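Undergrad: Fold the stuff below for me.
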Amino acid sequence: MTYCVAIRLDEGLVFLSDSRTNAGVDHISTFRKMSVFEIPGERVMVLMTAGNLSISQSVRQLLSDRTNAAGHTIWTAPSMYEAAQILGDAIRVVHDREAEELSKFGIDFNVSILFGGQIKGEHCRLFQMYSAGNFIESRDENACFQIGESKYGKPILDRVVTPATTLDEAAKCALISMDSTLRSNISVGLPLDLMLYEKDSLTVNRFVTIDENNQYFQMIRSSWGAQLKRGFEEIADPVWNAAAGATSNVLSTHDTYNQPVRVAPPGATLNDSLPPRQSLAQQDGGKQPS
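TA: Numbering: from 1, shown residues only. As a prediction, this is how the structure comes out:
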């Protein structure tokens, strides 16, 4: 499986991908999922893939050479939107060529792609591509896109990242998101590819491949769990059956009466299966609240 995250910020773009693929526990391999298309000073585009590896590799290869009806390729498209359209066309070509044969073997046509970058003359843009070749574009209200095993790393991104987040802060958040995913899902694995793109630079100058010996990622892995535990322990425990007027950390009060849905034992009536309802005085040990 895979986990990739891309973040669009006021300062630029962040891309992070793992490199594990698997077809069962006995067939685990390493394939890098991030590809960069760069003409320094003119355009930088980044592609990250998830899903069926043979499909994503076919799409990537076809994308390099594909020409659209206007005579543009990904290397000459005047906008990121048109480049995304060319990518969508490449996905559909691969689908038309392979989907029917794959279905004969019970294999779905499955590919997800994150595609972002900047072409000289326009701002940074980020797209999420689907198996049908259609796509959506990132806006300020959804600065992050994820593909693959996204659920484990999503909470930290939702709580922290906004368009105003700095590139380094977003990179830190993306790495924490990746660490959460690595801890919870063995189908995602090292090494990682991390790229930070500074808007208007039109070149790749902040890229690193992260393995288990990377000092910063080791720090993230050791300190994030400890700080989560510390923060958890600082949150007060809930107060049950609080007296009237209590206002601190109250989970339930005397003036509420909640019961679970109970399944009656064989032969019992509904009334037989329910415990008798206590009065407020009985719930409070026989004392009326003052």
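
Undergrad: residue ranges of the helices in the stretch 1-150 of the chain, please?
TA: 53-65, 80-104 (DSSP state H, counting those that start in this stretch).

Undergrad: try the stretch 151-290 of the chain
TA: Under DSSP H, counting those that start in this stretch, the stretch 151-290 of the chain gives helices at 154-160, 167-184, 215-234, 270-273, 280-283.

Undergrad: right, and these - which one's nearest Asn258?
TA: Among the helices of the stretch 151-290 of the chain, the nearest to Asn258 by Cβ to Cβ is helix 280-283 (12.4 Å). To be clear about C-beta, it is placed using only N, CA and C from the backbone, and glycine gets the same treatment.

Undergrad: Isn't Val239 up against Thr247?
TA: No: applying Cβ atoms under 8 Å, one finds Val239 not in contact with Thr247, separated by 10.0 Å.

Undergrad: For the two, indicate the residue with more neighbours.
TA: Neighbours per residue (other Cβ atoms under 10 Å) separate Val239 from Thr247, with Val239 holding more: 15 against 7.

Undergrad: mind listing what that one touches?
TA: Residues counted as contacts of Val239 (Cβ atoms under 8 Å, 6 or more residues apart in numbering) are 246, 248-251.

Undergrad: let's see 7 Å
TA: 246, 249-251 (Cβ atoms under 7 Å, 6 or more residues apart in numbering).

Undergrad: Now flag whichever of those is closest to Asp200.
TA: Asn249 (49.8 Å).

Undergrad: circling back: got the helices of the stretch 1-150 of the chain as CSV, with mean pLDDT columns?
TA: Putting the helices of the stretch 1-150 of the chain into CSV (pLDDT from 0 to 100) gives the following:
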stretch, mean pLDDT
helix 53-65, 95
helix 80-104, 97
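
Undergrad: I'd like those laid out as a markdown table, including mean neighbour count and distance to Leu114.
TA: Shown next, in a markdown table, are these (neighbours: other Cβ atoms under 10 Å; distance: least, Cβ to Cβ, whole Å):
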| stretch | mean neighbour count | distance to Leu114 |
| --- | --- | --- |
| helix 53-65 | 18 | 11 |
| helix 80-104 | 17 | 11 |
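
Undergrad: Make a markdown table out of those and add distance to Met195.
TA: Shown next, in a markdown table, are the helices of the stretch 1-150 of the chain (distance: least, Cβ to Cβ, whole Å):
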| stretch | distance to Met195 |
| --- | --- |
| helix 53-65 | 16 |
| helix 80-104 | 16 |
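
Undergrad: between those helices, which gets nearest to Ala226?
TA: Among the helices of the stretch 1-150 of the chain, if distance is taken as Cβ to Cβ, the winner is helix 53-65, at 35.8 Å.

Undergrad: okay, the angle between the closest one and helix 80-104?
TA: 140 degrees (axes from the mean of the first three to the mean of the last three Cα atoms, to 10 degrees).

Undergrad: re the thing from before, which of the contacts of Val239 has the largest number of neighbours?
TA: Val250 (14 neighbours).

Undergrad: Surely it and Ala243 touch.
TA: No: with contact defined as Cβ atoms under 7 Å, Val250 does not reach Ala243; the gap is 9.5 Å.

Undergrad: Of the helices of the stretch 151-290 of the chain, flag the one that's most buried.
TA: Mean neighbour counts were taken over the helices of the stretch 151-290 of the chain using mean count of other Cβ atoms under 10 Å, and the top value, a mean of 21, falls to helix 167-184.

Undergrad: and Thr30, what pLDDT?
TA: Among the per-residue scores, Thr30 shows a pLDDT of 82.

Undergrad: what residues are up against it?
TA: For Thr30, the contacting residues are 19-20, by Cβ under 7 Å, 6+ apart.

Undergrad: What distance do you get for it to Ile220?
TA: 21 Å (Cβ to Cβ, to the nearest Å).
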